[in-house]
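Undergrad: task: produce atomic coordinates for the following.
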Amino acid sequence: MANKLRGLTNDNYAKWSLQGVFTPHGEEGGINLGDIEALGYTPNLTEIERYTKETPEKTLARTDVIQKDATLNLTLKSITSLVRAALFMDDPEQYLTQSATTKTVTFAKLVKGRVYATGLKDITVTSFEGDAVTFVEGTHFRVISETGHIEWIGDTVATGGELDVSGAAITVTSGKQQFGLMAGNGLRGKLDLFGSNEIGVPMHIEFWDVKLTPSGEVALQGGDDYTEVQLTGRVYADLSRDARFRFGCVTELSA
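TA: Numbering: from 1, shown residues only. Now for the predicted structure:
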């Protein structure tokens, strides 16, 4: 039995878990990514190769790496403000604003079950006049104030109406994010991963420069489980750093 190696101890098993923080470029503080269902790292190497003809059959003689890059795949359960911004591809620090406004909106025809936009948010209806009739809220129409819509619930089709409506002032302090769909090309910043596992050695993994974009379909509804978001992270090199650490750094933490 002397020709067998001694087995390793059970201390070498691991069950990794981690927490993530993303710091957009230009910001001082990072944003916690919350509940991360899954996160994978895929390094990609492009090689050139030479099969020598000095032998009866061509044999591999040399390979050289000519390109390196990496991608991350993230599945997130915590739909934070930053995750929403990455999903819809806009700046996370964009918020709904509106000056206090009053306007008159004219409708040519009002049909039961249809929903009509006023172009304002947080609306209050002052009056709604039809042809020789005053429309009554709750009888003829419903107000969806926050989004600024009117739902016509009257039993008959109205051939026209004039709606006097006002929209409340909304400032950045309201904290209501507002995104332009695909206004940007993704969120770029530093990604820190902090090992939280008790089985195996935890790691602190730093990616200096990552661009987060949606991964495939954006599922806005469907399924019976909690919503999850899938993002792809493109890993860029930081050429200002030592060659060993251009893409990132992995540091062992205390167990």
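
Undergrad: quick one: low-confidence parts of the protein?
TA: 1 (pLDDT under 70).

Undergrad: the helices in it, which residues?
TA: Ranges of helices in the chain, per DSSP state H, are 81-88.

Undergrad: domain parsing for it?
TA: 25-93+178-252, 101-174 (automatic domain parsing).

Undergrad: in CSV, list these along with distance to residue 10.
TA: (C-beta placed from N, C-alpha, C; glycine too.) Compiled in CSV, the domains of the chain are given as follows (distance: least, Cβ to Cβ, whole Å):
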stretch, distance to residue 10
domain 25-93+178-252, 10
domain 101-174, 54
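
Undergrad: do you know which of these lies nearest residue 5?
TA: Ranking these by proximity to residue 5 (Cβ to Cβ) places domain 25-93+178-252 first, at 21.5 Å.

Undergrad: for the closest one, measure first residue to last.
TA: With Cα to Cα, to the nearest Å as the measure, domain 25-93+178-252 spans 25 Å from end to end.

Undergrad: again with stretch 206-225
TA: Terminal residues of stretch 206-225 lie 31 Å apart, using Cα to Cα.

Undergrad: in that stretch, what counts as buried?
TA: 206-215 (16 or more other Cβ atoms under 10 Å).

Undergrad: and stretch 69-84, by the same measure?
TA: For stretch 69-84, by 16+ other Cβ under 10 Å, it's 70, 72, 74, 76-78, 80, 82-83.

Undergrad: likewise stretch 90-97?
TA: Residues 90, 92 are the ones in stretch 90-97 that count as buried (16+ other Cβ under 10 Å).

Undergrad: dump that stretch to PDB, keeping only the CA atoms.
TA: Written as PDB, here are the backbone C-alpha positions of stretch 90-97 (Å, rounded to 0.1, in the frame of the first residue of the first chain):
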ATOM      1  CA  ASP A  90     -29.500  54.300 -18.200                       C
ATOM      2  CA  ASP A  91     -27.900  56.300 -15.500                       C
ATOM      3  CA  PRO A  92     -29.100  55.200 -12.000                       C
ATOM      4  CA  GLU A  93     -29.100  58.900 -10.900                       C
ATOM      5  CA  GLN A  94     -31.900  60.000 -13.200                       C
ATOM      6  CA  TYR A  95     -35.200  61.000 -11.500                       C
ATOM      7  CA  LEU A  96     -38.600  62.100 -12.500                       C
ATOM      8  CA  THR A  97     -39.200  65.900 -12.400                       C
END
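
Undergrad: when you give positions from now on, start the count at 505
TA: Right, with 505 as the first residue, what we last looked at is stretch 594-601.

Undergrad: so what pairs up with residue 608 in the strands?
TA: residue 668 (DSSP bridges).

Undergrad: let me see the contact set for the closest residue to residue 592 other than its chain neighbours.
TA: Using Cβ to Cβ, 6 or more residues apart in numbering and skipping residues adjacent in sequence, the residue nearest residue 592 is residue 683, 4.2 Å away. Residue 683 makes contact with 588-589, 592-594, 598 under the criterion Cβ atoms under 8 Å, 6 or more residues apart in numbering.
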